[in-house]
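Colleague: what follows is a predicted protein model with its sequence.
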Amino acid sequence: MTTTAEQFDAVIIGSGQGGTPLSTALAEAGMRTALIERKHVGGTCINEGCTPTKTMVASGRVAYLARRAADYGVRTGAISIDLAKVRQRKRDIVESFRNGIQARIEKTANLELIFGDASFTGPQTIAVRSQNGGQRLISSGHVFINAGTRASKPQIDGLDEIPFLDNVSIMELDALPDHLLILGGGYIALEFGQLFRRFGSPVTIIQSAAQLLNREDPDVAEEVTKIVREDGIEVLLNANATHVEQTGKEIRLKVQSNPGTRTLSGSHLLVATGRVPNSDTLNLSAAGVQTDKHGFIQVNDRLETTAKNVYALGDIKGGPAFTHISYDDFRIIRSNLIEKKNASTRNRMVPYTLFIDPQLGRVGFTETEARAQGRNIRVAKLPMSHVARALEVDETRGFMKAIVDAESSQILGAAILGIEGGEVMSAIEIAMMGKLPHTALRDGTFAHPTLTESLNNLFMSMDSGS
């Protein structure tokens, strides 16, 4: 155990999608840098989020298409799921990504990767405790917190007494649930719900709010609900779980909803009711770093905390919890600290994609948000059943929707719920970045037959009033 602090020019706590590239950028700029990681490099995205979940979702889509083979005139045999093979494929890809990242870190001059739990002992001094009980004290002129979030646990009577699943443990199952109960109606609940339904498990989603995806427009949420119900998922809205218990291998969940109370039975329970920041173990008060009432670190638009030369990036600072936002946080800090520019989070676009099938790609304002601000808007909407490419591949569920400023013709936002919705949304985002009017997409010549070509008809729908 060391008692004298080792001096570094920069210390990053957490090797997520913001902290890792920042560590190498600072080291390559000549700063002696320490990257502290509690468990494994890559953060939530690589290890428990984007990479493993989308890998498994790909297996679910193959199962879905295989069962639909007859719709395309293709004969197949009985479909079965080898969950152990699905899990191993996921593990292999995660390990490949993680090892590649770690190798790049370890090859970078001026950069030291330190495994252990970090906590502040003073304004710019950090204790790092390793798993073997050893401790190092580190001092630095600049500290960057990229420690992320973890699954939250709701206050439900009996929950502490049962072996419930979260977004990490559900991916390690070696057998399919006989009946999967899911608490929550957001991204995690929907992606895993549809995945395990496609694997063959009965699934029930219990959502306390009046709609799934409660930050989306009602018409978008209603269409998503319709789609997952078509896939055979039971969806309960305005339903509050009040008690849970386990009898043998059966989990019994008591739910209060209109008109009364019912008890659901399942073999597994996934709790997907949100995320909490990993700020509670960092002893932030010793550094003078303030958080909000939920524990998220408070930052300004340059990602500076309330403590001098201490920054926060990624999910731990609250706001949009997406990998690409964490990476953009890194770019902002790099621009300001290394390149001496004046980058900011102000007016940053926040695109995202929900990887249910069909995907929901979103960027900019929702219709609800635009109207709440009193904006004069026009709404373009086109069902996927009117999209030639969607008809050709027999993937016609969902719709396209765009919000347009009525005076400037600038596109304010879009929701693309349809096959490859994230890719089509990205085309609209590029137009928004270039400040193109909606007429540029309405009148553009796109290759036929592609999904992007449907943007012609989407924006023509405003002219026809349909």
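Modeller: Now that the structure is in, tell me what you want to look at.
Colleague: would you map out the domains in this protein?
Modeller: Domain assignment for the chain by automatic domain parsing gives 6-150+276-337, 159-273, 358-464.
Colleague: nearest to V350, out of those domains?
Modeller: Closest approach to V350 among the domains of the chain is made by domain 6-150+276-337 (4.7 Å; C-beta to C-beta). The C-beta positions use only the backbone N, C-alpha and C, and glycine is treated the same way.
Colleague: quick check: D219 is in a strand.
Modeller: No - remark: D219 does not belong to a strand; assigned using DSSP: H, G, I helix; E, B strand; the rest coil, it is helix.
Colleague: for S169, see how far away the most centrally placed residue in the chain is.
Modeller: Centroid check for the chain by C-alpha atoms, centre = their mean gives F322 as the closest residue, at 4.9 Å. Using C-beta to C-beta, to the nearest Å, one obtains 22 Å as the distance from F322 to S169.
Colleague: for the residue nearest to the centre of the chain, what are phi and psi?
Modeller: When read as degrees, to the nearest 10, the backbone of F322 gives phi -130, psi 150.
Colleague: same deal with the one 10 residues further on?
Modeller: Dihedral angles of I332 (phi, psi; degrees, to the nearest 10) stand at phi -60, psi -50.
Colleague: what's the burial count for the nearest residue to it once chain neighbours are set aside?
Modeller: Excluding the flanking residues, the one nearest I332 by C-beta to C-beta, 6 or more residues apart in numbering is A343, at 4.3 Å. Neighbour count for A343, taken as other C-beta atoms under 10 Å: 19.
Colleague: distance to M349 added to the domains of the chain, as TSV?
Modeller: As requested, those are arranged in TSV below (distance: least, C-beta to C-beta, whole Å):
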stretch	distance to M349
domain 6-150+276-337	9
domain 159-273	16
domain 358-464	6
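Colleague: make JSON lines out of these and add distance to P351 and mean pLDDT.
Modeller: Output for the domains of the chain, formatted as JSON lines (distance: least, C-beta to C-beta, whole Å; pLDDT from 0 to 100):
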{"stretch": "domain 6-150+276-337", "distance to P351": "7", "mean pLDDT": "96"}
{"stretch": "domain 159-273", "distance to P351": "14", "mean pLDDT": "97"}
{"stretch": "domain 358-464", "distance to P351": "4", "mean pLDDT": "97"}
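Colleague: out of those, which gets nearest to R348?
Modeller: R348 lies closest to domain 6-150+276-337 among the domains of the chain, at 6.6 Å (C-beta to C-beta).
Colleague: how long is the closest one end to end?
Modeller: 22 Å (C-alpha to C-alpha, to the nearest Å).
Colleague: what does stretch 269-285 give?
Modeller: Start and end residues of stretch 269-285 are separated by 36 Å (C-alpha to C-alpha).
Colleague: helix or strand right after the longest helix along the chain?
Modeller: Using DSSP state H to assign secondary structure, the helix with the most residues in the chain is helix 83-107. Once helix 83-107 ends, the next helix or strand along the chain (criterion: DSSP states H and E) is strand 111-115.
Colleague: surely L159 is in contact with V244?
Modeller: Yes - applying C-beta atoms under 8 Å, one finds L159 in contact with V244, separated by 5.6 Å.
Colleague: for these two, indicate the residue with more neighbours.
Modeller: Counted by other C-beta under 10 Å, L159 and V244 do not tie: V244 has more neighbours, with 24 against 18.
Colleague: okay, buried residues for the strand ranked longest in the chain please.
Modeller: In the chain, with assignment by DSSP state E, the single longest strand is strand 135-145. Within strand 135-145, the residues that qualify as buried are 136-140, 142-145, counting by 16 or more other C-beta atoms under 10 Å.
Colleague: again, but for stretch 167-183
Modeller: Neighbour counts over stretch 167-183 (16+ other C-beta under 10 Å) mark 167, 170-171, 173, 177, 179-183 as buried.
Colleague: I'd like the residues you listed as TSV, with secondary structure appended.
Modeller: What follows is those, written out as TSV (three-state DSSP):
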residue	secondary structure
N167	coil
I170	helix
M171	helix
L173	coil
P177	coil
H179	coil
L180	strand
L181	strand
I182	strand
L183	strand
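Colleague: quick one: contacts for V255?
Modeller: Residues counted as contacts of V255 (C-beta atoms under 8 Å, 6 or more residues apart in numbering) are 206, 236, 239-242, 261-264.
Colleague: all helices of the protein, in order?
Modeller: 19-28, 43-47, 50-67, 83-107, 187-199, 218-230, 323-337, 367-372, 388-392, 421-433, 438-442, 454-464.
Colleague: ok, residues contacting the third one?
Modeller: So the one you mean is helix 50-67. 42, 45, 76, 79, 81, 86, 89-91, 93-94, 97, 167, 171, 191-192, 194-195, 198-200, 323, 355, 357.
Colleague: can you check the fifth one too?
Modeller: By C-beta under 8 Å, 6+ apart, the list of residues contacting helix 187-199 from outside reads 53, 56-57, 59-61, 63-64, 81, 83, 86, 167, 170, 176-177, 180, 182-183, 203, 205, 207, 212-213, 224, 228, 231-233, 270, 272, 354-357.
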